[in-house]
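*Asks:* kindly return the folded structure for what I paste below:
(one chain, ligands or ions: 2)
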Amino acid sequence: MSYVDKVLSDLIAKNPAQPEFHQAATEVLTSLKPVIDANPKFQEAALLERLVEPERQIMFRVPWIDDNGKVQVNRGFRVQFNSAIGPYKGGLRFHPSVNLGIIKFLGFEQIFKNSLTGLPIGGGKGGSDFDPKGKSDNEVMRFCQSFMTELYRHIGADVDVPAGDIGVGGREVGYMYGQYKRITGLYEGVLTGKGLTFGGSLVRTEATGYGLVYLVEEMLNNKGNSFKGKTVVISGAGNVAVYAAEKATQLGAKVVSFSDSTGYVYDADGVDIEYVKDLKFTRRGRLSEYTSHKPSAEYHEGKGVWNIKCDIALPCATQNEINEADAKALVANGCIAVGEGANMPSTLEAIDVFLNNGVLFAPAKAANAGGVATSALEMSQNSERLSWTFEEVDEKLHGIMVNICHNMIDRAAEYGMKDNYVAGANIAGFLKVADAMMSQGIV
Ligand code: NDP
Ligand code: 2IT
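*Replies:* Ligands and ions are numbered 1, 2, ... in the order given. The predicted structure is shown next:
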């Protein structure tokens, strides 16, 4: 058995019932084989065994009182996966599906994603099985305060810097920041995605979606193509989806869909992005309301967004939302490029379908790195107690995404896997972390 296969089989035996973590580790480690084979020093230093074991996993009780005076208890998580290249950095997810395996898959991905940004940030992730949907602002506030009352002792501007993810946006970050400041007395950049009046960075709200489109545009340009005139299918209707739609539209594409966990909208004229921003971010409504605003559009309950004919697909909802059959449907309908806005939205089988059919495939850890990259820019601004203009941050974000794109293309070619950007991104992200770990001794 090869070294990589041994580490993977031990990992699966040691961490049963964590299928998402197994999946993420399998994708990364399998594609690292050429690098691992060429560098026996990694095996001698048990580098992969150390890489797949989080430095620290914190699980805690989050009690809070709902609007009816009833006591509720949720579970909180923070996995501090790897600090070789900087303080732990990664989002917090509030969704009823959250469990340790999901946080570990996200934290593991974050290590390599953060490395790809070129900025000094380690990998971490956290969250809770709390469901913000249908909760009042006061309930969300009480939950966030209780969550932070435990989390604060584990984080800090130079220790671990959480941010948003599914179910955690500006509102939640604000409440958590307030509680951190109240408990510690510190006014420091301990969270990113903050409001603009208390240390937030311009462009952070747009960054993941914009960054996704910047990277995919560069990947297309590299093949003499672009977003201009293309039909784009987007899943999700949250932070990443909406700003990806906005930037793709600005580049001359027509975005024809959004989706949420209940159904999807198909709007052949191109989606009304301003309406969806107001619907989802201000009114916190459901996509099913879209057709009352625009009767010519279609709303369909359930899944099915990947059956819409398109040139480019941008999955921006959640993990494993594209399975093998969905990938085949996209290929059959002539899709030429896929950019992963969500984390691990394609199953391993779906990725194979894309790679085997010549679809340009930008994997999540490269494609959605713009969010965390801009978080790192927020950290820089907080440290120097200054704030940069929108244009300044946007230009830096664009430069970072272009760099990541060429890094993934070049590493793939260098290791004999031309146009396999999954391998390219994994190898590029890994090499920096591996070098730092090797230099720092057995820790
Ligand atoms: P939001 O909470 O803003 O939006 C999530 C969207 O995805 C909603 O439309 C939601 O629908 C849908 N969704 C969530 N879970 C499911 C599910 N199980 N099945 C179907 N639809 C679902 O989150 P974000 O836009 O921030 O995150 C989207 C993805 O992007 C995630 O994978 C996240 O990890 C990733 N990401 C986010 C970054 C960020 O900066 N925010 C950075 C990098 C990656 P509904 O409202 O019905 O739940
Ligand atoms: O998955 C991700 O990269 C994020 N949710 C953003 C993390 C961050 O720290 O900005």
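
*Asks:* use CA for all of it now, contacts and neighbours both
*Replies:* OK.

*Asks:* and stretch 147-157, how far apart are its ends?
*Replies:* Start-to-end span of stretch 147-157 (CA to CA, to the nearest Å) is 18 Å.

*Asks:* are it and ligand 2 in contact anywhere?
*Replies:* No - remark: stretch 147-157 sits outside contact range of ligand 2, by CA under 6 Å from any ligand atom, the gap being at least 12.1 Å.

*Asks:* with stretch 67-87 instead?
*Replies:* No - counting by CA under 6 Å from any ligand atom, ligand 2 is not contacted by stretch 67-87; separation bottoms out at 10.9 Å.

*Asks:* next: stretch 374-381.
*Replies:* Yes - for stretch 374-381, a contact with ligand 2 is found by CA under 6 Å from any ligand atom, at Ser375.

*Asks:* what's near enough to touch Thr197?
*Replies:* By CA atoms under 8 Å, 6 or more residues apart in numbering, the contact set of Thr197 is empty.

*Asks:* near ligand 1, which residues of the stretch 51-200 of the chain are found?
*Replies:* 164-167.

*Asks:* can you pull out the helices in the stretch 301-443 of the chain?
*Replies:* 324-332, 348-356, 364-367, 369-383, 390-414, 421-439 (DSSP state H, counting those that start in this stretch).

*Asks:* could you give the bridge partners of the closest residue to Gly126 other than its chain neighbours?
*Replies:* Nearest in space to Gly126, with sequence neighbours left out and distances taken as CA to CA, 6 or more residues apart in numbering, is Arg78 at 4.0 Å. Beta bridges link Arg78 to Ile58, Gly126, judged by DSSP bridges.

*Asks:* from Gly101, how far out is Arg78?
*Replies:* 12 Å.

*Asks:* my read: Pro19 touches Gly101, true?
*Replies:* Yes - the pair Pro19 / Gly101 is scored as a contact, 7.0 Å apart, by CA atoms under 8 Å.

*Asks:* higher neighbour count, the two?
*Replies:* Gly101 (17 against 14; other CA atoms under 10 Å).

*Asks:* quick one: average pLDDT of the helix or strand containing that one?
*Replies:* Using DSSP states H and E, Gly101 maps to helix 100-116. Across helix 100-116, pLDDT averages out at 99.

*Asks:* can you pull the contacts of the closest residue to Arg411 other than its chain neighbours?
*Replies:* Closest residue to Arg411 apart from its sequence neighbours, by CA to CA, 6+ apart: Gly424 at 4.8 Å. Listed by CA under 8 Å, 6+ apart, the contact partners of Gly424 are 407-413, 417.

*Asks:* need these in TSV with neighbour count, pLDDT and distance to Lys277, can you?
*Replies:* As requested, the contacts of Gly424 are exported to TSV (neighbours: other CA atoms under 10 Å; pLDDT from 0 to 100; distance: CA to CA, whole Å):
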residue	neighbour count	pLDDT	distance to Lys277
Asn407	20	98	33
Met408	28	98	32
Ile409	24	98	34
Asp410	18	98	37
Arg411	22	98	38
Ala412	23	98	37
Ala413	16	97	40
Met417	17	95	40
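
*Asks:* need those in a markdown table (columns: distance to Leu116).
*Replies:* Supplementary listing: the contacts of Gly424 in a markdown table, determined by distance: CA to CA, whole Å:
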| residue | distance to Leu116 |
| --- | --- |
| Asn407 | 8 |
| Met408 | 9 |
| Ile409 | 12 |
| Asp410 | 13 |
| Arg411 | 12 |
| Ala412 | 14 |
| Ala413 | 17 |
| Met417 | 18 |
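
*Asks:* what is the most widely separated pair among the residues you listed?
*Replies:* Asn407 and Met417 (13.3 Å; CA to CA).

*Asks:* what's the residue lying farthest from the centre of the chain sitting at in phi/psi?
*Replies:* Largest separation from the mean C-alpha position in the chain: Gly69, at 35.2 Å (CA atoms, centre = their mean). The phi/psi pair for Gly69 (degrees, to the nearest 10) reads phi 80, psi 10.

*Asks:* coming back round to it: so which of the contacts of Gly424 comes closest to ligand 1?
*Replies:* Closest approach to ligand 1 among these (CA to the nearest ligand atom): Met408, at 17.5 Å.

*Asks:* surely that closest one and Ala428 touch.
*Replies:* Yes - if you go by CA under 8 Å, Met408 and Ala428 touch, sitting 6.4 Å apart.

*Asks:* what residues are up against the residue nearest to the spatial centre of the chain?
*Replies:* Central residue of the chain (CA atoms, centre = their mean): Asn343, 4.5 Å from the mean position. Neighbouring residues of Asn343 by CA under 8 Å, 6+ apart: 106, 318-319, 364-365, 368.

*Asks:* equivalent analysis for Ile273, please.
*Replies:* 242, 245-246.

*Asks:* need the residues of the stretch 51-200 of the chain near ligand 2, please.
*Replies:* Going by CA under 6 Å from any ligand atom, the residues of the stretch 51-200 of the chain near ligand 2 are 89-91, 162-165.

*Asks:* need phi/psi at Tyr175.
*Replies:* Taking degrees, to the nearest 10 as the convention, Tyr175 sits at phi -60, psi -40.

*Asks:* ah, wrong one, I meant Ser257
*Replies:* According to degrees, to the nearest 10, Ser257 has phi -150, psi 160.

*Asks:* same deal with Pro63?
*Replies:* As for Pro63, its main-chain torsions (degrees, to the nearest 10) stand at phi -90, psi 140.

*Asks:* where does it land on pLDDT?
*Replies:* On the pLDDT scale, Pro63 is placed at 98.

*Asks:* any idea how far it is from ligand 2?
*Replies:* 24 Å (CA to the nearest ligand atom, to the nearest Å).

*Asks:* could you verify my assumption that that residue touches Ser128?
*Replies:* No - between Pro63 and Ser128 there is no contact, the gap being 11.7 Å when judged by CA under 8 Å.

*Asks:* one step back: packing partners of the helix holding Gly101?
*Replies:* Contacts defined by 3 or more CA pairs under 8 Å, 6 or more residues apart in numbering; DSSP states H and E place helix 100-116 against helix 19-31, strand 71-82, strand 88-94, strand 122-128, helix 364-367, helix 369-383, helix 421-439.

*Asks:* dump these into JSON lines; add mean pLDDT and distance to Val265 as well.
*Replies:* JSON lines is the format used below for the helices and strands packed on helix 100-116 (pLDDT from 0 to 100; distance: least, CA to CA, whole Å):
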{"stretch": "helix 19-31", "mean pLDDT": "98", "distance to Val265": "28"}
{"stretch": "strand 71-82", "mean pLDDT": "99", "distance to Val265": "33"}
{"stretch": "strand 88-94", "mean pLDDT": "99", "distance to Val265": "24"}
{"stretch": "strand 122-128", "mean pLDDT": "99", "distance to Val265": "29"}
{"stretch": "helix 364-367", "mean pLDDT": "98", "distance to Val265": "24"}
{"stretch": "helix 369-383", "mean pLDDT": "98", "distance to Val265": "25"}
{"stretch": "helix 421-439", "mean pLDDT": "98", "distance to Val265": "30"}
